[in-house]
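# A predicted structure for the sequence below; I have some questions about it.
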Amino acid sequence: MSSQPPAQQFQVDLRGVIDLLSRHIYSGPRVFLRELLQNAVDAIAARREVDGAGGRVRITPVSAASEEFVLRDDGVGLTPDDVADLLATVGRSSKRDMFDLPRSDFLGQFGIGMLSCFMVCDDIVIRSRSAHGADPVEWVGHADGTFEVGPGADDIPVGTSVHLRPRGDSRSLLSTATIGELAETFGRYLPVTVSVDLPSGGETTVTAPPPFLGDDREEQAAYGRELLGAEPLAVIPLSVPATQTRGLAFVLPFAPASTARQSTRVYLQRMLLTERAEDLLPDWAFFVRAVVDSAGLHPTASREALVDDDALEQTRTELGDAVRRWILDLALSDPLRLAQFVGVHEVALKSLVRHDDELARFIVPWLSVETNVGRLRIDDLVRRSSPVRYAETVEAFRQVVSVAPTGTTLVNGGYLYDDELIRLLPEVFPDVRVEAVDVADEIDRLAPPPLDQRAAVVALESRTRDALATVEVVVRSFERPEAAALFVADPEVLRALDRGRARSAGGALWAGVLDRAERASTRGRDETRAAPSSRLCLNWTNPTVQRLAHAPEGRAFSAGVQVLYVQALLAGHHPLGTADRALMSSALADLVDLATSPALTPAAKPQPGDGGPTVSPRISPEGSA
């Protein structure tokens, strides 16, 4: 029968623990004051349960007159047994109930806050007298993990004082200016009085009633102006009874950056937790900045963020519902303010209505989209156009607009959420149909040129195809005579053009990356699918196209076709690759050469009456190579 080896205890390297706290748990040494304030507030709450007294924290920063930082509270204090049991054990907390479970009515939950002081000093002195009548006690802890406990002076009042002497690199953190700022940042709205002693004598009180928990509208608006730096568009009350969370959401009077996320200032029992909690409101609510206080949400070990648990999830859902209800109420009661709100935060609302059918019925008619006749509100669009036709990308929109008949309305669905918004319309307006348009289909619907000109059209298509070599050519008639040509390409071709532009602009390394990406994208392509195609659509109603149709073969015809091709690329906002730029330069050079050749200069032209034929100002066959 084998015996188990005797159990042994872990040895704790306190310096390593302190390094862990300062580098990986806490954001920096400034949090030491927050930890001390939390312990002081908890001590005051505990004393109020004993005799109803207590309620003040006094801070004396380091100054020219004293090298010692002191924080005093009139809380419940510590007995000698408390000191031996609590301060000598890392991680032990006094905030526990009769069943040894953590108390939810105290700020501190981890019993490690005192160690944060070692980030600014090498020694901690704690002097305390318990409200339960025990003798005063003094505890001295050192950064090397050793400590001493002894009797305290008889004149120690009920409560606790913490004494720190800063290291040389931490003196500024314990100075009056920094301590005053930190005390106000962390403890401005604590339910006790926090004061800071001034070097010249006297003190300043940093605590005040929290305006985001009161009912004074003027105070709320003033707090919103301080928070946003501008007058809030609206103030939304927030309340989640299940997690004892209350506060306000301020609607931004300006559109945030497209990359911005909502952020919330969070207090736990009126002690600041974080200025920028990004997970307390739904992602779509980035048009508000909220401030809340909670007694039911749980902080992480650093007490600088919230634990992502069921309590947080429920609170997030209910806060989002409160913002959503405000929008619905606005739609029903104040259309003018709703229009103002939509004008500022339209992108956020487009994101929201995709997942909220009830809200969509109220909000979608007020939203707007870009069309070929200007920006239209959805309510006006559905009255103007049936079916509602839209292009899914900006590129497709630009191409389709070039051939769209006069009087038709086309929506540009290429902007954020707009294509999804248009597809949502039949659910909001049951009688409305929507139709996605494709430029290739639109060109196929265009009328071909008249039959009596069919031979010239077929010849023009063939000659243009030969001049461009790699592009399919079709001739159609559309109602924009000023547009000579339209370049139409499959999405895969457009992506290849973008890669070509990036390849030519970047270096060899970037070109290699793009080549590998292109090979990867084509490796799994179905061999039975048709290869991606591009087409140049010439407009028969354009005078230049008709003149090219009757121009003879030669350099002038080829150069003219090549210029139309490059012009169509530019008009469609397509990138010009190296070959395209070379083609444009060659075509322009040919045209300039032909225009300045001796056969066309005024001196070479035969004069009327000299017996020779009159030369037309057009390029003659003799001038073509």
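The structure has been received and is ready for your questions. Residues are numbered from 1 along each chain as shown.

# okay, buried residues for the strand or helix carrying residue 319 please.
Assigned by DSSP states H and E, residue 319 belongs to helix 310-333. By 16 or more other C-beta atoms under 10 Å, the buried positions in helix 310-333 come out as 311-312, 314-316, 318-320, 322-324, 326-328, 330-331. Bear in mind the C-beta positions are built from the backbone N, C-alpha and C, glycine included.

# could you export that helix as PDB, CA atoms only?
Provided in PDB are the C-alpha atoms of helix 310-333 (Å, rounded to 0.1, in the frame of the first residue of the first chain):
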ATOM      1  CA  ASP A 310     -25.600  36.600 -19.400                       C
ATOM      2  CA  ALA A 311     -26.000  39.800 -17.400                       C
ATOM      3  CA  LEU A 312     -24.200  41.800 -20.100                       C
ATOM      4  CA  GLU A 313     -26.100  40.100 -22.900                       C
ATOM      5  CA  GLN A 314     -29.500  40.900 -21.300                       C
ATOM      6  CA  THR A 315     -28.400  44.500 -20.600                       C
ATOM      7  CA  ARG A 316     -27.200  45.000 -24.100                       C
ATOM      8  CA  THR A 317     -30.500  43.700 -25.500                       C
ATOM      9  CA  GLU A 318     -32.700  45.900 -23.300                       C
ATOM     10  CA  LEU A 319     -30.600  49.000 -23.900                       C
ATOM     11  CA  GLY A 320     -30.800  48.400 -27.600                       C
ATOM     12  CA  ASP A 321     -34.600  48.100 -27.200                       C
ATOM     13  CA  ALA A 322     -34.800  51.400 -25.500                       C
ATOM     14  CA  VAL A 323     -33.000  53.200 -28.300                       C
ATOM     15  CA  ARG A 324     -35.200  51.400 -30.900                       C
ATOM     16  CA  ARG A 325     -38.400  52.500 -29.000                       C
ATOM     17  CA  TRP A 326     -37.200  56.100 -29.000                       C
ATOM     18  CA  ILE A 327     -36.900  55.900 -32.800                       C
ATOM     19  CA  LEU A 328     -40.400  54.400 -33.100                       C
ATOM     20  CA  ASP A 329     -41.900  57.000 -30.900                       C
ATOM     21  CA  LEU A 330     -40.200  59.800 -32.900                       C
ATOM     22  CA  ALA A 331     -41.700  58.400 -36.100                       C
ATOM     23  CA  LEU A 332     -45.200  58.500 -34.600                       C
ATOM     24  CA  SER A 333     -45.000  61.800 -32.800                       C
END
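
# now the element after it, going C-ward?
helix 335-344.

# buried sites along that next one?
Within helix 335-344, the residues that qualify as buried are 338, 341-342, 344, counting by 16+ other C-beta under 10 Å.

# now do the helix holding residue 319: distance to the chain's middle.
With C-alpha atoms, centre = their mean, to the nearest Å as the basis, helix 310-333 stands 20 Å off its chain's centre.

# how much does it deviate in direction from helix 335-344?
Relative orientation of helix 310-333 versus helix 335-344 (axes from the mean of the first three to the mean of the last three C-alpha atoms, to 10 degrees): 120 degrees.

# shaky segments in the stretch 201-350 of the chain?
Within the stretch 201-350 of the chain, the segments meeting pLDDT under 70 span 258-260.

# the stretch 401-550 of the chain: helices as residue ranges?
Residue ranges of the helices in the stretch 401-550 of the chain, as given by DSSP state H, counting those that start in this stretch, are 418-428, 439-445, 454-468, 491-505, 508-523, 543-549.

# give me the neighbour count for residue 428.
18 (other C-beta atoms under 10 Å).

# just residue 403 next, same as before
Residue 403: 21 neighbours (other C-beta under 10 Å).

# you'd agree it is up against residue 444?
No - if you go by C-beta atoms under 8 Å, residue 403 and residue 444 don't touch, sitting 10.6 Å apart.

# overlap in contacts of those two?
The contact sets of residue 403 and residue 444 do not overlap (C-beta atoms under 8 Å, 6 or more residues apart in numbering).

# give the contact list for the nearest residue to residue 78 once chain neighbours are set aside.
Nearest non-adjacent residue to residue 78, counting by C-beta to C-beta, 6 or more residues apart in numbering: residue 128, 4.1 Å away. Residue 128 is in contact with 77-78, 83, 136-139, 152, 156, 159-161, counting by C-beta under 8 Å, 6+ apart.

# out of those, which comes closest to residue 360?
Comparing these against residue 360 with C-beta to C-beta places residue 160 closest, at 57.2 Å.

# now the strands for the stretch 201-350 of the chain?
Taking DSSP state E, counting those that start in this stretch as the criterion, the stretch 201-350 of the chain contains strands spanning 203-205, 234-240, 245-251, 263-268, 271-277, 288-294.

# what's the third one in contact with?
Strand 245-251 is contacted from outside by 212-213, 220, 223-224, 227-228, 232-240, 281, 285, 287-297, 315, 319, 322-323, 341, 345, using C-beta under 8 Å, 6+ apart.

# buried subset of those, written for ChimeraX?
Only the buried entries of the contacts of strand 245-251 go into this ChimeraX selection, using 16+ other C-beta under 10 Å:
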select :212,213,220,223,224,227,228,232,233,234,235,236,238,240,281,285,287,288,289,290,291,292,293,294,296,297,315,319,322,323,341,345
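
# circling back: lowest pLDDT pick from the contacts of residue 128?
For the contacts of residue 128, the weakest pLDDT value sits at residue 83, with 82.

# that residue is in contact with residue 137, isn't it?
Yes - assessed by C-beta under 8 Å, residue 83 is found in contact with residue 137 at 5.2 Å.
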